[in-house]
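Peer 1: Below is the sequence, then the predicted model.
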Amino acid sequence: MTENPAQQREHDLLRLVSMRMPYGKFKGRVLADLPGHYLGWFAREGFPTGELGRLLALMYEIDHNDLRALLLPVRQSGDTR
């Protein structure tokens, strides 16, 4: 079954507050908690392939546009599927 775009966006936000960085300086940190300068480094040097890269790029856009508050309701829901 294919997710519609709204379901995909919801899934991505849930992943940002639950998925942990698998490697590097911030290994183990939740993607939504990565510092902006680290996300900016990926934006300049290139995001990894796959889901991780897509989510890091999304988190970079959220951070760059000062929209981290959008993640508060997702965090508070406790639903980290």
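Peer 2: Arrived safely, thanks for sending.
Peer 1: From now on I want contacts and neighbour counts done on CA atoms only, so please keep to that.
Peer 2: Will do.
Peer 1: so where is the protein shaky, pLDDT-wise?
Peer 2: By pLDDT under 70, the weakly predicted segments of the chain are 1-2, 78-81.
Peer 1: One more pass at 80, please.
Peer 2: In the prediction, the chain carries residues with pLDDT under 80 at positions 1-3, 78-81.
Peer 1: hey, which helix is longest across it?
Peer 2: When secondary structure is assigned using DSSP state H, the longest helix within the chain turns out to be helix 50-64.
Peer 1: Residues contacting the next helix or strand after that helix, please?
Peer 2: For helix 50-64, the succeeding helix or strand toward the C-terminus, using DSSP states H and E, is helix 72-77. If you take C-alpha atoms under 8 Å, 6 or more residues apart in numbering as the criterion, helix 72-77 is touched by Leu13, Leu14, Val17.
Peer 1: at 10 Å what do you get?
Peer 2: With C-alpha atoms under 10 Å, 6 or more residues apart in numbering as the contact definition, helix 72-77 has outside contacts at Glu10, Leu13, Leu14, Arg15, Leu16, Val17, Ser18, Ala32, Thr80.
Peer 1: Which two among those residues are spaced furthest apart?
Peer 2: For the contacts of helix 72-77, with distances taken as C-alpha to C-alpha, the pair at the greatest spread is Glu10 and Ala32 (14.1 Å).
Peer 1: Show me which of those two is the more surrounded one.
Peer 2: With neighbours defined as other C-alpha atoms under 10 Å, Glu10 and Ala32 compare such that Ala32 has more, 26 against 12.
Peer 1: Good, we can wrap up now.
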